[in-house]
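Novice: need a 3D model of the following:
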Amino acid sequence: MLLAPQNLPENVREVRARIAGACTQCGRSVDSVTIVAASKSWPPNVLEEAARAGIAHFGESYVQEALPKLEALAGMGLTWHFIGQVQANKSRHIAESFSWVHALDRLRLAERLSAQRPYYAPPLNVCIQVNLAGEATKGGVTPGELPALAAAVAELPRLVLRGLMCLPPAEQEVSRQRRWFALLRQLFEELNAEGAGLDTLSMGMSADLEAAVMEGATLVRVGTALFGPRPT
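Specialist: Numbering: from 1, shown residues only. Have a look, this model is predicted:
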């Protein structure tokens, strides 16, 4: 069994301090940003330690790995986000077990999630992934495809379209990081100008969360800064 990093509580405090510093720079409330712990590869006992350190939202990327964790930690009142690419043959498990899906990029998958969401569960919160740089190795719709998909997803009965998500190209300079996040925020604002009612920007990870927060991120997906390098 993998042990939680000894400095996990300190890592949580450090990530919160980084977010608070970015919020101060841009005049935002720190309460407007939620940490989603990217917990892929980490076992339930490590996630339990993170929860005891104050983390309430966890993001998983692989359904088969995630489901035992959800079961093991079912009594802790955690919120589970699916942050990986949705596969059609795994969509039922996602629809039944998660509260959020971050990387939606096809109407067919949205329709499956809506149809498979249990009637007794609240609607599934979803974000549409936008491929800002047209990278072939990453999922997401193009900015031009976004309005039509957003309109279609918003009509599905068991989903709630909450916002947008991105995985921008890796950049070292904060100004270049901010450029990509500003583009997603612009798309978000354009949809809201048409009445979309979005409230969520899922953007920013361990290396660029300050830039994301300064451009309006409400969910930051943080793994390495909390847990350290992933186990092999």
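
Novice: just the helices in this structure please.
Specialist: 8-26, 44-52, 63-72, 91-97, 107-116, 146-154, 174-193, 209-214, 224-227 (DSSP state H).

Novice: now tell me what touches the last one from outside.
Specialist: Okay, so that is helix 224-227. Residues outside helix 224-227 that contact it (C-beta atoms under 8 Å, 6 or more residues apart in numbering) are 4-5, 8, 11-12, 14-15, 18, 35, 37-39, 42, 46, 50, 55, 205-207, 209, 230. In this view, the C-beta of every residue, glycine as well, is placed from N, C-alpha and C.

Novice: and the helices of the chain, which is most packed in?
Specialist: Neighbour counts (mean count of other C-beta atoms under 10 Å) averaged over each of the helices of the chain peak at helix 209-214, with a mean of 24.

Novice: can I get that helix in PDB? Just the C-alpha atoms.
Specialist: Output of helix 209-214 as PDB, limited to C-alpha atoms (Å, rounded to 0.1, in the frame of the first residue of the first chain):
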ATOM      1  CA  LEU A 209      -2.600  27.500 -11.600                       C
ATOM      2  CA  GLU A 210      -1.700  31.100 -10.800                       C
ATOM      3  CA  ALA A 211      -2.200  32.200 -14.500                       C
ATOM      4  CA  ALA A 212      -5.400  30.300 -14.700                       C
ATOM      5  CA  VAL A 213      -6.800  31.900 -11.500                       C
ATOM      6  CA  MET A 214      -5.900  35.300 -12.700                       C
END
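
Novice: name the helices or strands packed onto it?
Specialist: Applying 3 or more C-beta pairs under 8 Å, 6 or more residues apart in numbering; DSSP states H and E, we find helix 209-214 packed against helix 8-26, helix 174-193, strand 219-222.

Novice: what sits up against it?
Specialist: With C-beta under 8 Å, 6+ apart as the criterion, helix 209-214 contacts 15, 18-19, 21-23, 25-26, 28, 33, 174, 177-178, 181, 201, 203-205, 217, 220, 222, 225.

Novice: doesn't residue 125 make contact with residue 165?
Specialist: No: under the criterion of C-beta atoms under 8 Å, residue 165 makes no contact with residue 125, lying 11.5 Å away.

Novice: which of these two has more residues huddled nearby?
Specialist: A count of neighbours by other C-beta atoms under 10 Å puts residue 165 above the other of residue 165 and residue 125, at 26 against 18.

Novice: cheers, nothing more for now.
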